[in-house]
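[1] Just a sequence and a predicted model for now, questions to come.
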Amino acid sequence: MAGLRAIVCFSGGMDSTTLLYEALAQNYTVETLTFDYNQRHRIELESVQIIAARLGLPHKILKIDLTQIGGSALTDLKIEVPVQAEQGQEITVVPLRNTLFCTLAAAYGETQAIDEIFYGPVKEDFEVYRDCRRPFFDSLEESLSLGSSYERAVKIHTPWADKTKAEVLRRGFELGVPYNLTHTCYLGMRPACGKCGSCRARLAAFAEIGLRDPLPYQTMVADRD
Ligand SMILES: [Zn+2]
């Protein structure tokens, strides 16, 4: 029997692709929602279409141009994506991105009579993205439920919020996630750059669980062996 309907916010990266497979494993009837916010790494929009098509899932791309706000290396081409040090990743924070995306998902859900939303922040995200913390999502659930145009209980599922990227990856391998189809690089490169904070975090997670990342990289290949 088909389960509850849910919207999975899906970027094509490793965390949200694993999230998608987790929602399916929990027997939700899933629609995927991807945000085209005019991000620098537009290549991720190809990944979402390939993965959603492979799973035969309804797939919506919602356009919102956050370059009009800027303030982040992902939405302002004048700001360079940091590729060397671990520090300095704050510049990749898109102001209130998670707040905006969850709110838009709830708005779209209202038109589809879907109250369940899956969103994929992982434990490490808390360090730079303040709107990735569970108390924030609890508060947002309440606000969205109060603010919707009819009585509904919006639920934002964040199953990775207390899990590290490596733990999510381990779960993903159990679920058979095709990580070769996911996209992670903030520079939007294919092969991936291997240097940006996003690539580094991905490579570190694979290294931690002792598995090889199936994605091709421009650099650091030797370091991974
Ligand atoms: Zn990269």
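    That came through fine. Everything numeric in this text was worked out from a predicted model, so none of it was measured. Residues are numbered from 1 along each chain as shown.
[2] can you give me the helices for this structure?
    Using DSSP state H, the helices of the chain run over 14-25, 44-55, 97-112, 134-147, 165-175, 197-209, 221-224.
[3] quick one: buried residues of the third one?
    Same thing as helix 97-112. In terms of neighbour count (16 or more other CB atoms under 10 Å), helix 97-112 has its buried residues at 97-106, 108-110. C-beta coordinates here come from the backbone N, C-alpha and C atoms, glycine included.
[4] From the chain's centroid, how far away is it?
    14 Å (CA atoms, centre = their mean, to the nearest Å).
[5] Reformat the helices of the chain as TSV; add mean pLDDT.
    Listed next are the helices of the chain as TSV, based on pLDDT from 0 to 100:
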stretch	mean pLDDT
helix 14-25	97
helix 44-55	92
helix 97-112	95
helix 134-147	96
helix 165-175	98
helix 197-209	93
helix 221-224	44
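[6] For residue 5, find the nearest of those.
    Closest approach to residue 5 among the helices of the chain (CB to CB): helix 97-112, 7.5 Å.
[7] Get me the contact residues on this structure for the ion.
    185, 187, 193, 196, 199 (CB under 5 Å from the ion).
[8] Try it again at 6 Å.
    185-187, 192-193, 195-196, 198-199 (CB under 6 Å from the ion).
[9] could those go into a markdown table alongside distance to residue 165 and neighbour count?
    A markdown table is the format used below for these (distance: CB to CB, whole Å; neighbours: other CB atoms under 10 Å):
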| residue | distance to residue 165 | neighbour count |
| --- | --- | --- |
| 185 | 15 | 25 |
| 186 | 15 | 24 |
| 187 | 19 | 21 |
| 192 | 15 | 26 |
| 193 | 18 | 21 |
| 195 | 17 | 21 |
| 196 | 15 | 24 |
| 198 | 10 | 22 |
| 199 | 12 | 24 |
